[in-house]
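Test case, fold it:
(2 chains)
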Amino acid sequence: MKLEKKDILGMKDLTVEEINLILETAESFLEISTREIKKVPTLRGKTIINLFFEASTRTRTSFEIAGKRLSADTINISSSTSSVVKGETLIDTARNLEAMNPDVIVIRHSAAGAPHLLASLVKQSIINAGDGAHEHPTQALLDMMTIKEKKGKIAGLKVAIVGDITHSRVARSNIYGLSKMGAEVFLAGPATMLPRDIEQMGVKVYNRLEDAIASADVVMMLRIQLERQKQNIFPSLREYSQHYCLNRSNIKLAKKDVIVMHPGPINRGVEISPDIADDPSYSVILDQVNKGVAVRMALLYLLTGGNE
Amino acid sequence: MKILLTGARIIDPAQKIDADMDVLLENGKIAKIGSDLLKSVKSRDSEKVKIIELAGMILTPGLIDMHTHLREPGFEYKETVASGAAAAVAGGFTSIACMPNTSPVNDNRSITEFIRRKAVEAALANVYPIGAISKDSSGSQLTEFWDLKDAGVVALSDDGKPVMDAALMRRAMEYAYSLELPIISHCEDINLSGGGLMNEGYYSTILGLGGIPSIAEEAMVARDILIAEFTKTCVHIAHVSTAGSVRLIHEAKKRGLRVTAETAPHYFTLTDEALQGYDTNLKVNPPLRSTEDVAAIKEGLADGTLDAIACDHAPHGRTDKELEFEYAEKGISGLETSLALSLNLIQEKVLSWSELIAKMSPNPARILNLSKGTLQAGADADITVINPQLKWTVDIKTFRSRGKNSPFHGRKMQGKAILTIVGGEIKYALPSLKV
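Numbers count the residues shown, from 1 in each chain, chains lettered A, B, ... in the order given. Presented below is the predicted three-dimensional model:
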């Protein structure tokens, strides 16, 4: 099977078959990263540009490693958040990059929809590495790959996502992806962190963490952004952590074999207590990072026609 | 010069006329309106009269758009007074009122006079400047209303920079009322709308775009109604976009308050669902709302809650729109699509012909105290002729406006202005119309 898509812009656009294809391809790539010589010649001669308009260590590094392990040439461009500030529009940047003939452009941008604008302008494949509060499809794919590995399936699982859903692209991509794969998604957060009409995405919504994680198979904690305090999304980190921090006592409400996930970077003691984050019987946070490389290798491979 | 317009169906809501009649124009005024003027003209002085056959056409008092943005001075690359006036007559509008958010802001008589001079030079549509309520529209100190009125402004508004200070709005409404100058309120609580990019609801949630809640508009509509009631003055609510605003205005009118309101064609044509795909031409303020809001706007038009349809013509250059959604300017270039979109209301049986024309000519004239909007003998010869059957496709390349920012590009339309006469002179005629 081939991936009949030019771009990966969001989980909303992917079918169950496509998700399965990506996850299976990623599984076949996992092993490469365990070799002594972690490199295969698959994408030799291909060029991948990582265009990051927003600070990122994990995702950018993950894409870069993914490209390098497949022998592609990877170029990183980091820029300040706003193209307006920079003086060159995204459209001009895109046309310039296009003229250099890369094969894939990976973009992260603080403005929702920026990857869509880029995709409409250039003939190269675009991978959305996170756009504003919209989507972060590679994160959702690596999360699903982790869940599948730990639980053997996705369908029928109860997944709780806790935190600032309003500003989370990870939450949106996971809601789309997990729902498509047959999981039940439960959200929790104070009302100020739950965007309007989110129930229409087919999720159950709670205000209390305890209600959402009750008998959950998977608990996904989101990073709380301190700067949101200024917008009065929450009164203080102190109060937030008292009610929305996953800890030794409230995790007992979930299933015994619950796994705990976090897209990182974690705020220890704020949304997740250190002893949960570091407890290998719960935490799969570093497995997620590990799967991230494989998922991105799979996407680069599938988009450059590697499976033809 | 005399012009005889013959054979059209005349719709003049001010005189309650809806009949096949002829109209004779002379010296820039409407000389006569009646049946069979053709015969008497032919027998007497056919040589000196230009006769235009308009069988199957609709003839109305010249359409008036009470909410446009002409961008001059300051943003001439978006629109000039001349290009905006050209767009107006091409869209069937004989008169337009332009908002003060130019650079510098139209907050003093020299800017008002400049705009009026540019309009005279363009010699296309009548252009009525709207002055700012506060200096530089910064919301702190009133402008010189009296001086502005003397210079020719027909209303006052801080438009897109809403008056957040309720005390200032109160003083503005009181002072303006004594001068018979209407206050036009762009109702938006900028604390509630802050950072928002589109209507707050399911679609803003899935698109990850900051939401502008309907209450950002409604809270200010309620406030301005309360001020108008308390001070026994009047207020005009600009571009109503939500069901809640319609309800508030409906109740206010029922209680006999002097509140008038307008909406724009995009608020009864499009919903926020259209924003999937991040088309910046759909970014507008107030934002496109929900299906329920669109239904309420139509109901408000039908029951008279909404007095006028105005384009909120907001032309922008390519550099303002070819950007990430977040950074793009808000606004739709509307003068050349407004009529056709509004004609859909007749097709959908929301409004009759008379009701629609009332909202696009005599009602805006009444709100702005213009002696326009009728075909009565002696009135200014401002006339719009519409071919209600003409099928056409919106093509931004043919826009006379410099603003090509239309989400309706490529849309199939029915009905178009084919002849626009201002002060007895033909200012626009469809090329295929031999006049």
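
For the rest of this, base every contact and every neighbour count on C-alpha atoms.
OK.

report the longest helix in the chain, please.
Using chain A here. Counting residues, the longest helix found in chain A (DSSP state H) is helix A:285-303.

Hmm, no, I was thinking of chain B.
Per DSSP H, chain B has its longest helix at helix B:214-231.

Tell me the strands beside the helix or strand that that helix is followed by, with direction?
Next in sequence after helix B:214-231, counting helices and strands by DSSP states H and E, comes strand B:235-237. In the sheet, strand B:235-237 lines up against strand B:184-185 (parallel), strand B:259-263 (parallel) (DSSP bridges).

Which pLDDT value goes with B:Glu326?
The model reports B:Glu326 with a pLDDT of 96.

Oops, could you answer that again for A:Gly87 instead?
Looking at A:Gly87, its pLDDT is 72.

Buried residues of the longest helix of chain B, list them for me.
B:214-222, B:224-225, B:227-229 (16 or more other Cα atoms under 10 Å in any protein chain shown).

now the longest helix of chain A, how far from the chain's geometric center?
10 Å (Cα atoms, centre = their mean, to the nearest Å).

So what touches that helix?
Contact with helix A:285-303 is made by A:2-3, A:5-7, A:22-23, A:25-27, A:29-30, A:42-43, A:62-63, A:65-67, A:69-70, A:104, A:125, A:138-139, A:141-143, A:145-146, A:260-264, A:277, A:307, as judged by Cα atoms under 8 Å, 6 or more residues apart in numbering or on different chains.

Apply 6 Å and report the result again.
When contacts are defined by Cα atoms under 6 Å, 6 or more residues apart in numbering or on different chains, helix A:285-303 is touched by residues A:25-26, A:29-30, A:62, A:66, A:142, A:146, A:261-262.

same question, stretch B:325-334
Under the contact criterion Cα under 6 Å, 6+ apart, stretch B:325-334 has outside partners A:111, B:280, B:283-284, B:311, B:313-315, B:320-321, B:403, B:405-406.

cool, and stretch B:419-435?
B:28, B:89-90, B:92, B:94, B:124, B:380-385, B:418.

Out of those, list just those in helices.
B:89-90.

which one is B:Val81 nearest to, not counting chain neighbours?
Distances taken as Cα to Cα, 6 or more residues apart in numbering or on different chains put B:Leu70 closest to B:Val81, at 5.5 Å, once the chain neighbours are dropped.

right, and the one you found touches B:Ala82 too?
No. If you go by Cα atoms under 6 Å, B:Leu70 and B:Ala82 don't touch, sitting 8.6 Å apart.

Can you pull out the low-pLDDT segments for the stretch 101-250 of chain A?
Judged against pLDDT under 70, the stretch 101-250 of chain A has no low-scoring part.

residues from the stretch 301-435 of chain B in reach of chain A?
Residues of the stretch 301-435 of chain B lying close to chain A by Cα under 6 Å from any Cα of the partner chain are B:324, B:326.

Nearest to chain A: which residue in the stretch 301-435 of chain B?
At 5.4 Å from chain A, B:Glu324 is the closest residue in the stretch 301-435 of chain B, using Cα to the nearest Cα.

Phi and psi next, for that residue.
Backbone torsions of B:Glu324, given as degrees, to the nearest 10, read phi -60, psi 150.

Quick check: the gap between it and B:Leu288.
18 Å (Cα to Cα, to the nearest Å).

and what of A:Ile175?
26 Å.

cool, and B:Gln414?
Counting by Cα to Cα, the gap from B:Gln414 to B:Leu288 is 23 Å.

These two - which one has more neighbours?
Taking neighbours as other Cα atoms under 10 Å in any protein chain shown, B:Gln414 and B:Leu288 compare with B:Leu288 leading, 27 against 17.

Output the strands paired with strand B:235-237 as a markdown table; include the columns mean neighbour count and mean pLDDT.
Formatted as a markdown table, those follow (neighbours: other Cα atoms under 10 Å in any protein chain shown; pLDDT from 0 to 100):
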| stretch | mean neighbour count | mean pLDDT |
| --- | --- | --- |
| strand B:184-185 | 27 | 98 |
| strand B:259-263 | 26 | 98 |
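
could I get those as a markdown table with distance to B:Leu339?
Putting these into a markdown table (distance: least, Cα to Cα, whole Å) gives the following:
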| stretch | distance to B:Leu339 |
| --- | --- |
| strand B:184-185 | 22 |
| strand B:259-263 | 13 |
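
Just the buried residues from the contacts of stretch B:419-435, in ChimeraX please.
Of the contacts of stretch B:419-435, the buried ones can be selected in ChimeraX as follows, counting by 16+ other Cα under 10 Å:
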select /B:28,89,90,92,94,124,380,381,382,383,384,385,418
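
List the ones among the contacts of stretch B:419-435 that fall in strands.
B:94, B:383-385, B:418 (DSSP state E).

Please report how far the residue of chain B found nearest chain A lies from B:Lys434.
Residue nearest to chain A within chain B: B:Gly208 (4.0 Å; Cα to the nearest Cα). Noted for B:Gly208: a distance of 52 Å to B:Lys434, by Cα to Cα.

Give me the more crowded residue out of those two.
B:Gly208 (24 against 8).
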